[in-house]
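> Take this sequence and fold it.
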Amino acid sequence: MAQNTVTALERRIKASIETAATIYRDLNTGAISPAVNDRIEALIKVLEKCCSARENLKITSEYEGLDDIGVKLWNLAINLMKDSNEHYDDDRIAINDTIRLFKVALSGGKACANQNQLSWALKIMEKAAQYQQELGQEEAQSVEGKTILQQLSGEYFTLRMRIAWKQSNLSTAEYMYNKIMTLDQSLLEMRTFEGLAEVLFEIGDGLFLQGILDAAIKWLRRAFEVLSNQNILCLSEEGSELRFSVMHNLAKACILNKSPEDLQYARNTLDVIAEDWPTRMAVHLLRLDILAAESPDAVEDYYNVIAKMVLVVQMSEQVFRTVPLACKCLDELLTKLLLLNEDNWIEQTFITRLWMSVKVCVSIEGNTLTSLKRLIELLGKQTSKPLSSKSTHAAQILLWKVSEALLSQEKYKQASEWCEVALHKVFNKSGDLNYAKIARRIIHCCIQLGDYSKAIEIYNNMSETGKQNPSTLFLMFKIALRTSNCQLAESSMRGICETPLRDYRALYACVLDAHAIGNENETLTALKHVLRHMDNLPSESINKPAVLRCAIRLTVAILERANGGEISNVESLCRLLELAFEEAKKSRTKRNALHDTVFTVKELEWFARASYNLGLKSVEEWHPTTSNRIICSCIKFLGLYPEDIDTITQGTNISKAIYCHFLCSSLETQIARDEDNTEVRLQHYIEAKRHIGHFRTKQLLLKEGISQEIKWDLKDKCEEFSITSFSASIHLKDWDSLSTLVAEAEHCENGRVVQYFGDMVLRSQAPDRTIMPLMKKEKQYPQDELHWLATTAWNRAIEFKWLVDALKPEAYHTNKVWLSVSDQGNYKIFGELAMNTAKLLDDGGKLLARVQKRYLREGWD
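As a prediction, this is how the structure comes out:
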């Protein structure tokens, strides 16, 4: 609404500038008519409204064009007046315009001064000074003119004095005051005197608050003299109240100055006030102040003043707030009651004394707390037992309210001190719950003050019940964060989770506090505690996807900052993604009757995208097992999408799934190659083949119309898959599937695929019934390669035969040689492999004949 108002004001000012420009053109061309005069009057009214609105909205920005058009209109008006033939009327109009402009300048200057826009106020006063000088030259001859000049000059000097005070320039203010005093006082109006007295009071009151008493008294006396020189009955209601305020503050300043002359002046002023306002409470308080300054032991005089106060004032809480000495009286009464050992009266008096202390505004400052502590210490020493439960409860409520008020003002030290009073031994009947509540507030204040040792001391003095409260544990968690005590932080969070109260809001508070101070590790730990106990929380109190997202993002940030980070953090990331999948799966399969599905499609999209991007990044940075787990999580999230999603999203998800299965098969193969355990290795090969199968299935789901680039990419992946699948089948000894894979590979444009198959099968333990058909299919296999394979196989056979003949059976297991029982027949296997490969050569059987001859000569058959 305010913005709309400002915009409307801006439009109105721009329209006024355009109107003023039109009027200027008409007047400049001599087109002066009654219509132009009407337009000028209308424009003046609009501009006055704009000025009022600008002041109310407190707008300080300048508007381009106003100053220019104003100067042009002013100069044009001067020229038009000079050209007028009627000299007397022209002078009269000029004087009236000057008076009017002088008044406008004074109004504008007051508005700027009220808003503390002193630079603008001074600029306006420069114009006002010109108008004042012009009027002084023109109006000095007539009585009416002199009256107007004196009145406006009084207002002008008063305003200049106020601006000087706001600029802390007392010398200029003094000068302006002296200028006012030179004016003819008989020609000034009552409102001018009241305005002058108000400014003088403002200066004196400001100096009084600054503690500059002598100067304050001087300016307040001037305000008092200005008003006293007027007919009191002619003062306005505001002027009468101003007179009371001036006299009241003047008397207080004189009392505080404490010189004999000032004290006498204060008494005289008080007599005048008491005569005019006999029933006001402030009058009696001033009399008490004078008594305290002159005769502090005059008990009877104190009694007389208080008795008058009781007679003239309606009794209420406000009365006690205006009697600062009542507490001292009650202290003396309580001391006497302690000697009499009247427990009931002691407690009533003490609670009344405490109530008065916390009700008086000044009681939470200064020496009130010190005197209250002395009183409570005296109470503890003189009484043999603590206060009753009822009195203890009342006292602690009062002390709690004081500390609460101080906390709102961020006065933590004072708030802590008032709470410590509430834990005094005289309040031992407060009960564990109240004691713990007050102790927690002290701990909170100590945390704000950085006094952690004191906070731990307060904690150690609490009962076990108080220590196990979730709020207490949260405060100890805050201390642990700020003292880098990881053990205390962990025990605090664990205690919150194990508390019978099941108030996990404290656990959320731990997350927020750790995040606020930038401790990422503890924030993540707290989030993990939340996730660990998600099932115990009400469904409406936790947003599982949001908590999981925060934990994942934080873990990734920690890993990135640590350039990979610890293995535990990497493992934590994998577990978070897997936990997110499990929660999403439960959410998608089990709908809540009262709420929508927690894991919406948008949530699934976030988790799928995050795991996909992390998986791609992890391939180069982390262990293949980690990358495989992350990418598998992406595949699982993609599998949770509903069947009725739009075609574009469905196509995107299929493409992502294809690529994920491709990466997983490659990673599973890599992991299998690095694995020493045979059973685990074979299981990884099985997983690789499973991903290959899913890849082929997803590939069939792709719609027609995919780009040629994607088709080429899929073809390349299929060729790589053929090699991966062939390798996995060999390791799994799935000999029957090899023929199918070779048949599929024959359609590949890359002829090297089949050659890779030949290399792998020759190095394997595949039977001849499998090897020979496969080798025959390799029609394009290079002769040089076949010759090399046959020769290499035969050389390997010779090496194995030499080892079998050279080593004794007991020496088969040495540091350099490892021959199992099954390995002893390897020389025959490689010999047969060499002969089978030689049969494929187109050399007329020469190599085959040489190999067979050696084979038979050695007697290997």
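> And residue 247, what's its pLDDT?
Listed pLDDT for residue 247 reads 91.
> Helix or strand: which one has it?
Secondary structure assigned from DSSP states H and E places residue 247 in helix 237-257.
> Can you tell me which helices and strands that helix packs against?
Under the contact criterion of 3 or more Cβ pairs under 8 Å, 6 or more residues apart in numbering; DSSP states H and E, helix 237-257 touches helix 190-209, helix 213-228, helix 260-276, helix 281-294. No exception for glycine: its C-beta is placed from N, CA and C like everyone else's.
> Compare the ones you listed and give me the one nearest residue 440.
Of all those, helix 190-209 sits nearest to residue 440, with 38.6 Å by Cβ to Cβ.
> right, and the helices and strands packed on helix 237-257 - which one's nearest residue 426?
Closest of the helices and strands packed on helix 237-257 to residue 426 is helix 281-294, at 31.4 Å (criterion: Cβ to Cβ).
> Please put the alpha-carbon coordinates of the very next helix or strand once past that closest one into CSV.
Next along the chain after helix 281-294, taking DSSP H and E as the criterion, comes helix 299-312. Only the C-alpha atoms of helix 299-312 are listed here, as CSV (Å, rounded to 0.1, in the frame of the first residue of the first chain):
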residue,chain,number,x,y,z
VAL,A,299,11.9,11.3,58.9
GLU,A,300,8.9,13.3,59.9
ASP,A,301,9.1,15.5,56.8
TYR,A,302,9.3,12.3,54.7
TYR,A,303,6.2,11.0,56.5
ASN,A,304,4.3,14.3,55.8
VAL,A,305,5.1,14.1,52.1
ILE,A,306,4.1,10.5,51.8
ALA,A,307,0.9,11.1,53.8
LYS,A,308,-0.1,13.8,51.3
MET,A,309,0.7,11.4,48.5
VAL,A,310,-1.6,8.8,50.0
LEU,A,311,-4.4,11.4,50.4
VAL,A,312,-4.3,12.8,46.9
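> got the angle between the helix holding residue 247 and helix 213-228?
150 degrees (axes from the mean of the first three to the mean of the last three Cα atoms, to 10 degrees).
> how about CSV for the helices and strands packed on helix 237-257, with mean pLDDT, mean neighbour count and distance to residue 70 added?
Below are the helices and strands packed on helix 237-257 laid out as CSV (pLDDT from 0 to 100; neighbours: other Cβ atoms under 10 Å; distance: least, Cβ to Cβ, whole Å):
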stretch, mean pLDDT, mean neighbour count, distance to residue 70
helix 190-209, 89, 20, 28
helix 213-228, 90, 20, 36
helix 260-276, 87, 16, 49
helix 281-294, 84, 18, 49
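> In TSV: the ones you listed, plus distance to residue 634.
Formatted as TSV, the helices and strands packed on helix 237-257 follow (distance: least, Cβ to Cβ, whole Å):
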stretch	distance to residue 634
helix 190-209	69
helix 213-228	78
helix 260-276	85
helix 281-294	78
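> Which one of those lies nearest to residue 481?
Closest among the helices and strands packed on helix 237-257, using Cβ to Cβ: helix 190-209, at 42.9 Å.
> sorry, back to before: quick one: which of the helices and strands packed on helix 237-257 is nearest residue 250?
Ranking those by proximity to residue 250 (Cβ to Cβ) places helix 213-228 first, at 4.1 Å.
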